[in-house]
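A.B. asks: With the input below, show me the fold.
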Amino acid sequence: MRSLNLPISDESCDDFNLIILSGDSNGRKKEFDIPIVINEKVEHFVRYFQTTIRNHFSNWLARSEKYIPFMREVLKEKGLPEDLVYLAMIESGFNPYAYSRAKAMGVWQFISPTGKRYGLKSN
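C.D. replies: Alright, predicted model coming up:
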């Protein structure tokens, strides 16, 4: 079995760091729309995004500025948790042309049968 521990060097963490999401710089409790859990598996993937795919993740963050405000507005309008926008970041890196081996497509990476079940258009 492969170890989930990845080394983190100071230079690989210049743009983003592992931070436990317990509050902001003023000591206020941050509120999230969905429960935030920090465990070994989450820490593993945070390190993975900081090291192995750091350049990709930086691109996703840059691209997110274009999509997150609009997506949050739509999610809020529909009564859904606004933090679901981060699911799209992990699924597609906010690439509207993303296409997986499972034939999932778009920012949310829906496969055709799931999209049809929920009345989504593939356009």
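A.B. asks: Below-threshold pLDDT in this protein: ranges please.
C.D. replies: Along the chain, the parts satisfying pLDDT under 70 run over 1-30.
A.B. asks: Try it again at 80.
C.D. replies: For the chain, applying pLDDT under 80 flags the ranges 1-31, 121-123.
A.B. asks: Which secondary structure elements does the helix or strand where Pro113 lies sit against?
C.D. replies: Under the criterion of DSSP states H and E, Pro113 resides in helix 112-117. Counting contacts by 3 or more C-beta pairs under 8 Å, 6 or more residues apart in numbering; DSSP states H and E, helix 112-117 is packed against no other helix or strand. All C-beta spots, glycine's among them, are computed from the backbone N, C-alpha and C.
A.B. asks: For it, list every residue counted as buried.
C.D. replies: Across helix 112-117, burial judged by 16 or more other C-beta atoms under 10 Å covers Gly115.
A.B. asks: Ala98 is in contact with Glu91, correct?
C.D. replies: Yes. Glu91 is within contact range of Ala98, at 7.5 Å (criterion: C-beta atoms under 8 Å).
A.B. asks: Mutual contacts of these two, please.
C.D. replies: 104, 107, 109 (C-beta atoms under 8 Å, 6 or more residues apart in numbering).
A.B. asks: Any chance of those in JSON lines with neighbour count, secondary structure and distance to Arg63 as columns?
C.D. replies: Below are the shared contacts of Glu91 and Ala98 laid out as JSON lines (neighbours: other C-beta atoms under 10 Å; DSSP: H, G, I helix; E, B strand; the rest coil; distance: C-beta to C-beta, whole Å):
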{"residue": "Ala104", "neighbour count": "17", "secondary structure": "coil", "distance to Arg63": "18"}
{"residue": "Val107", "neighbour count": "20", "secondary structure": "coil", "distance to Arg63": "10"}
{"residue": "Gln109", "neighbour count": "19", "secondary structure": "coil", "distance to Arg63": "15"}
